[in-house]
Structure formats: structure tokens, C-alpha cells
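Student: Any chance you can model this:
(chains A and B)
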There are 2 protein chains.
Amino acid sequence: MKYNIPIQVPVGVSNRHIHLSQEDVDTLFGAGYQLSEMKPLCQPGQFACKEVLTVAGVKGVLSNVRVLGPTRKQTQVEISRTDSFTLGVQPPVRDSGDLKDTPGCVLIGPKGSVILKEGVILACRHLHIHSKDAEALAIKDKERITVSFGGERSVIFQNVLARVGDAMALEFHLDTDEANACMIKSGDVAYLIAKEESGTEVKPILEVENPVKVGKTE
Amino acid sequence: MKYNIPIQVPVGVSNRHIHLSQEDVDTLFGAGYQLSEMKPLCQPGQFACKEVLTVAGVKGVLSNVRVLGPTRKQTQVEISRTDSFTLGVQPPVRDSGDLKDTPGCVLIGPKGSVILKEGVILACRHLHIHSKDAEALAIKDKERITVSFGGERSVIFQNVLARVGDAMALEFHLDTDEANACMIKSGDVAYLIAKEESGTEVKPILEVENPVKVGKTE
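Tutor: Have a look, this model is predicted:
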């Protein structure tokens, strides 16, 4: 379903970051340690912490990776695919919290280290949208939508996850690879242009039985 | 103009690399030094060299950056936007060879260093296509086309530059940020889906006079 008029959505670019369980906070920063807020994020109740960690993999490390608060049930490390080559891990594209069968890494803090068995993901790009806005646009939680961004590296992002809730502020989240691919930055405006057909299977946008083949012409 | 049937095009992902002038080869590797071929590239006559260099900027360095041959009239350094943050330079998106008013960097080789005054670019994604194929698809050199890639990070790339010539082998070139944004890798297949209206001005795909605004709902 295409919208007749594209809907403006503010952009938030997510740099690599870490969500920690309190248990891992205790190990990394000391027993009973409380994360300290540096600045609030756009999503209500979420904040960037003063704390940073080193993330290590078999091929390399990422230093000064920001911790985001508040603490969560399970530790989750969100990196870009570019970062994944630096670390030497192969994380899948996942929605936040869906950590089954994801790779791990090592987190190194001032008071200790944690060997994560799982929790490293490439975050699935998504649109945070308040329930009332979503209702007006006929979008349901977890549906997929299409978002475009103009300019010289103009792209149309398909398979954008809608995250609908009463505690959501309108914001299109993508990672640094996706942002750099289209020269987008936090605060820019993208356009919601279509709601995709719902379904659990992720489909390529074009499936061609007998595509025209062109190639080297001698 | 949309094609009735999408055209399969093989993908080539360009990692950061350097094209050198013979003058700079002399400075970096020694007077009269000749670049040595490591392996041929898909484009006829082009090759990856055994030689690598360190690229340095105000904020950091990139090590082991591959040199591509043969030599060119002017040295050109092609990096990703992610790399640009590492170096601390702000290169524009440019077609190869269009280096006016681009930033410079420092190249460090085994026999000497070169302070480039200009030559650092983000390469404009492009489709190499042989003249005969281009004729069949009604594409002229430097026209812009639209290419799509499916999968879970499905995207449609607009503003893709067509580079038409008798020495071109069909290949869609993008950089590592663009590739990582859609989980594409060299050897994958993308689809040419449309030829864009020609014109020198790069336009956003959507310009909305009075877009619907949605936002935080209290």
C-alpha cells in the first residue's frame, strides 16, 4: 500500500553500542555499580551512559563503545557490518532482543571482562512510531514499511521494521553503514512511502524467472 | 523509463584503494619503480597491485590500502564514508577522475611519502556496461539508472551512474558502506530496474510541498 503523500520521519543514526544486563554491569564495573546517564535519547526512558567498553573479537577490537541504559534482561551488542569485519564475527540482521543463535564476543571493562556466548547483532533498521500515529497510517507493530531518502546517494529502504508502542517517539533508526551508504545523518528527514504486505517471510523485491541477460560483448 | 523485465547485473564491491600517477609511484616506491600486478580486475586492463600504502589524515590512518594499476594521470584515493571519519577528511561523492576541490591526504610508502593536495573521493556508485549492451537498453554514457538488490536488507539504489564504453565489462560497482548496508557482496546479482530521466541536476526522489506530519502524541 503506497501512501498518497510521503510521510516525513526524522532520522536517528545508531552508532555501535551495548545494552547491558545488571549482572554484566556488576562484572564489568564492580558489584552493585549503577550506570550513569550522560544524555537522554529520543526514545522515552532511554539514555546514553558515560560508560564505554572495549569489544573484542578474534580479529580485532573496537574501543570506547558506548553503553546505553537502562539495563536489560540480556546483554546485547549492536554493531555495523563494517565493525563485524573488524571483530571477525558474523552477526545476523536481527530485531532488538532476538538473540537466539547469534555470535558472542568479549567485553572488557575497568573492573572485569565478560565472555558473551551470544548477543552480537546487526540491528534491523526500524521505525519507532507511537500507537496513535501508527493507527492513523494503518501500520501494525512488526509490519514492514518502505522508507526513502533523497540526495546524491538516493535510496529506497525496503523491509523496514515498524515498532509501534505508546512509549515510542517517531524516529527512523539505521546503523552507520546504512547511513553512510546514503549520506544520511541524525536529524535528517526521510520519507515513509509505503506499507509492505505483511508476512513473516522476507522476500526479495524482484524475483525474475527469465531475466534478460546481457554481458561481455566481444 | 522502467524496464519491463529487470536486467541481471553482477556486483563488484570496491574496498578502499588508490590509483597512482607514475610521479607518485617514483616518490613512494623509488625512481622508475613499476607497479606489479597481483591479479586482474573484472574491467579489462585494470589490475590489483601487490603494492599497498598507508593513508593518513588528521584523525587517523588506514593501513595496507591496495594500489590499483595501471598508473593514471593523477593520483586518486577512493575510500568509504566510514573510512573518511577514521581519517578525518570530508570527501564528496564523485565520479572517478573528477577531483577538483576534493580534499587531500598523506600517502606513506616504503621509499617516501606524498602530501596530496586533492584526490580523496567517495566513489559514485556506477554500472560499467559495454556499448552494445547499453545500446540495447537505450542507456547513454553518464546517464543515471536505478538498481535494486533484494534480501533482508533490500534496497533500491537511485542515481547510479552509467559508464558506457567498448572496454567495459558489465558490473555494478559500489563501496563497502553501500555493500554492507544491503548485505551485498562481490559476485552477487543485482537488478537494473529503471533508467532515470537524464539531467545534470541530482534531484531528491520525492519533493513534497505539504507533507503529512506525524509526531509525538501526548
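Student: Spell out which residues make up each domain of chain A.
Tutor: The record's domain parsing of chain A by automatic domain parsing lists A:7-12+A:125-204, A:15-123.
Student: does any bit of the shortest one sit next to chain B?
Tutor: Yes - between domain A:7-12+A:125-204 and chain B, judged by Cβ under 8 Å from any Cβ of the partner chain, the touching residues are A:7-8, A:125, A:129-133, A:136-137, A:148, A:150-159, A:169-170, A:176-178, A:180-183, A:191, A:193, A:202-204. All C-beta spots, glycine's among them, are computed from the backbone N, C-alpha and C.
Student: Please, which helix or strand holds residue A:179?
Tutor: Using DSSP states H and E, residue A:179 maps to helix A:176-182.
Student: could you say what helices and strands the following helix or strand past that helix packs with?
Tutor: Later in the chain than helix A:176-182, the nearest helix or strand by DSSP H and E is strand A:189-195. Secondary-structure packing of strand A:189-195 (3 or more Cβ pairs under 8 Å, 6 or more residues apart in numbering or on different chains; DSSP states H and E): strand A:2-14, strand A:144-149.
Student: what's around residue A:60, how many residues?
Tutor: 12 (other Cβ atoms under 10 Å in any protein chain shown).
Student: picking up where we left off before, return the most buried member of the helices and strands packed on strand A:189-195.
Tutor: With neighbours taken as mean count of other Cβ atoms under 10 Å in any protein chain shown, these reach their highest mean count in strand A:144-149, at a mean of 23.
Student: As PDB, could you dump the C-alpha coordinates of the helix holding residue A:179?
Tutor: C-alpha atoms of helix A:176-182 as PDB (Å, rounded to 0.1, in the frame of the first residue of the first chain):
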ATOM      1  CA  THR A 176      26.200   3.700  10.400                       C
ATOM      2  CA  ASP A 177      26.700   1.600   7.200                       C
ATOM      3  CA  GLU A 178      23.200   2.300   6.100                       C
ATOM      4  CA  ALA A 179      23.600   5.900   7.000                       C
ATOM      5  CA  ASN A 180      26.900   6.300   5.200                       C
ATOM      6  CA  ALA A 181      25.600   4.400   2.100                       C
ATOM      7  CA  CYS A 182      23.100   7.300   1.500                       C
END
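Student: Residue A:23: how many residues sit nearby?
Tutor: With other Cβ under 10 Å as criterion, residue A:23 counts 13.
Student: ok, back up a step: can you tell me which of the helices and strands packed on strand A:189-195 the model trusts least?
Tutor: Out of these, strand A:2-14 stands lowest, with a mean of 87 (criterion: mean pLDDT).
Student: quick one: contacts for the spatially most central residue of chain A?
Tutor: Centroid-nearest residue in chain A: residue A:123, 3.1 Å away (criterion: Cα atoms, centre = their mean). Contact analysis of residue A:123 by Cβ atoms under 8 Å, 6 or more residues apart in numbering or on different chains lists A:14, A:78, A:93-96, A:173, A:175.
Student: what's the closest of the residues you listed to chain B?
Tutor: The nearest member of these to chain B, counting by Cβ to the nearest Cβ, is residue A:93 at 5.2 Å.
Student: Next one: that closest one relative to residue A:35, how far apart?
Tutor: When distances are taken as Cβ to Cβ, to the nearest Å, residue A:93 and residue A:35 turn out to be 27 Å apart.
Student: now swap in residue A:172 and tell me
Tutor: Distance from residue A:172 to residue A:35, counting by Cβ to Cβ: 26 Å.
Student: So for those two, which residue has more residues nearby?
Tutor: Between residue A:172 and residue A:35, residue A:172 has the larger neighbour count (other Cβ under 10 Å), namely 26 against 19.
Student: who's the more buried one bridged to?
Tutor: Beta-bridge pairing of residue A:172, defined through DSSP bridges, involves residue A:11, residue A:127.
Student: Pick out the least confidently modelled helix or strand of chain A, by mean pLDDT.
Tutor: In chain A, no helix or strand scores lower on mean pLDDT, DSSP states H and E than strand A:2-14, which sits at a mean of 87.
Student: which residues are in contact with stretch A:88-101?
Tutor: Contacts of stretch A:88-101 (Cβ under 8 Å, 6+ apart): A:57-60, A:74, A:76, A:78-79, A:84, A:102-105, A:118-124, A:126, A:142, A:161, B:152-153, B:183.
Student: buried sites along that stretch?
Tutor: Residues A:89, A:91, A:93-94, A:96, A:99 are the ones in stretch A:88-101 that count as buried (16 or more other Cβ atoms under 10 Å in any protein chain shown).
Student: quick one: average pLDDT of that stretch?
Tutor: The pLDDT scores in stretch A:88-101 average 96.
Student: Work out the gap between it and the centre of the chain.
Tutor: Relative to the chain's own centre, stretch A:88-101 is displaced by 11 Å; criterion: Cα atoms, centre = their mean, to the nearest Å.
Student: Dump the C-alpha coordinates for it into PDB.
Tutor: Taking Å, rounded to 0.1, in the frame of the first residue of the first chain, the C-alpha atoms of stretch A:88-101 are listed here in PDB:
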ATOM      1  CA  GLY A  88      35.900 -11.200  13.000                       C
ATOM      2  CA  VAL A  89      32.300 -12.100  13.900                       C
ATOM      3  CA  GLN A  90      29.400 -12.800  11.600                       C
ATOM      4  CA  PRO A  91      26.300 -11.500  13.300                       C
ATOM      5  CA  PRO A  92      22.900 -11.800  11.600                       C
ATOM      6  CA  VAL A  93      20.400  -8.900  11.000                       C
ATOM      7  CA  ARG A  94      18.100  -9.100  13.900                       C
ATOM      8  CA  ASP A  95      15.300  -7.200  15.700                       C
ATOM      9  CA  SER A  96      16.400  -6.000  19.100                       C
ATOM     10  CA  GLY A  97      16.100  -8.700  21.800                       C
ATOM     11  CA  ASP A  98      16.000 -11.600  19.300                       C
ATOM     12  CA  LEU A  99      19.400 -13.000  20.200                       C
ATOM     13  CA  LYS A 100      19.000 -16.800  19.800                       C
ATOM     14  CA  ASP A 101      21.900 -18.300  17.800                       C
END
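Student: No further questions, thank you.
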